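>>> Following is a predicted model, sequence given first.
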Amino acid sequence: MTANSAKALVLPLAVLAAFEVWARATHLQSDSLAPPSEIVMALFGAFADLSILAATRDTLFSTFAGLAIGTIIGLALGIAFGIFDTLNRLMEVTVEAIRPIPSIALLPIALIALGFGYRMEIVIVAFACVWPVLILSRAAVRSIEPRLMEVARALRLPPAQRVWKIIVPAALPRIFVAFRLSAGIALIVAVTVEIAINPLGLGAGIMLAQQALRPDLMLAYLVWIGAIGYALNVLLVVAQNRLFGRAALSGDGA
């Protein structure tokens, strides 16, 4: 841990300590709050009985499956729209009309068509992940140095090789930024679907704890979800910096 990381922890730890003291001094009785020490104990208990691990497995399966599907679709469409200006103009109104629809608004349709379970959740997560990848990959392709495209034409590369040998490598740093953004969205949407309607995963665990009047366990699930999201982002940032170096910084600034 670096000195800066240690300093960043000072304020949150101080707030937690102050809240613990206040909760104990006032003998806190609440259906929505619990002292931090009780939250930690509830988290350990959920690990001990493996319930939180099973819920994590379900949520991450839907998260990563939806992320993969949404990334593939968004990347394919983004590259196509970036290459073919006519196609981009034809689809612009359609994309901008569908993109603002909240993914959660699809729940009634998805539930009727797919029922409860992984399939419904994966479809909704994939829908949410398509748009960041599509928009940023399209922008990345359209901003490629024109001289690279001239080289591809001079070499008489067929369209498929032009995409894989010229376009994708040149646009990859910004595409990875889109993937990183979509990964966070995927986790948020997966948990939201589980809270709203799907009886599995971490979101369902939160609802069960709330119905059982266990604020300590409910908040323990929230803390664990935050830890997963933080760890996922750290892993992707490290991968981005290792793979792309300074190009990653330009992609973040785009």
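Sure, I can see it. Numbering: from 1, shown residues only.
>>> Check what pLDDT residue 73 gets.
As predicted, residue 73 sits at a pLDDT of 96.
>>> Same check on the one 3 residues further on?
Predicted confidence (pLDDT) for residue 76: 93.
>>> ok, now which ones touch the residue most central in space within the chain?
In the chain, the centroid-proximal residue (CA atoms, centre = their mean) is residue 184; its distance is 2.1 Å. By CB atoms under 8 Å, 6 or more residues apart in numbering, residue 184 lies in contact with 229, 232-233. Every C-beta, even on glycine, is put in place using the N, C-alpha and C of the backbone.
>>> That one sits in which helix or strand?
helix 168-196 (DSSP states H and E).
>>> The helix or strand following that helix vs helix 168-196, what angle?
Next along the chain after helix 168-196, taking DSSP H and E as the criterion, comes helix 201-211. Angle, helix 201-211 to helix 168-196, by axes from the mean of the first three to the mean of the last three CA atoms, to 10 degrees: 20 degrees.
>>> picking that back up, can you turn the buried subset of the contacts of residue 184 into a selection I can paste into PyMOL?
Here is the PyMOL command that selects the buried residues among those (16 or more other CB atoms under 10 Å):
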select buried, resi 232
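>>> can you pull the buried residues of the helix holding residue 184?
Those buried within helix 168-196 under the rule 16+ other CB under 10 Å are 168, 170-195.
>>> got it, and stretch 205-214?
Those would be 205-210, 214, for stretch 205-214 by 16+ other CB under 10 Å.
>>> could you dump these to CSV with distance to residue 76?
As requested, the buried residues of stretch 205-214 are exported to CSV (distance: CB to CB, whole Å):
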residue, distance to residue 76
205, 35
206, 35
207, 36
208, 39
209, 40
210, 40
214, 45
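>>> What are the neighbouring residues in contact with residue 186?
Listed by CB under 8 Å, 6+ apart, the contact set of residue 186 reads 63-64, 66-67, 70, 125, 128-129.
>>> now residue 189
Counted by CB under 8 Å, 6+ apart, residue 189 has contacts 66, 103-104, 124-125, 128.
>>> Average pLDDT for stretch 133-150, rounded please.
So the average pLDDT for stretch 133-150 ends up being 85.
>>> Next: stretch 200-208.
For stretch 200-208, mean pLDDT rounds to 94.
>>> what about residue 89, neighbour count?
10 (other CB atoms under 10 Å).
>>> actually residue 83, not the one I typed
Per other CB under 10 Å, the neighbour tally for residue 83 reads 18.
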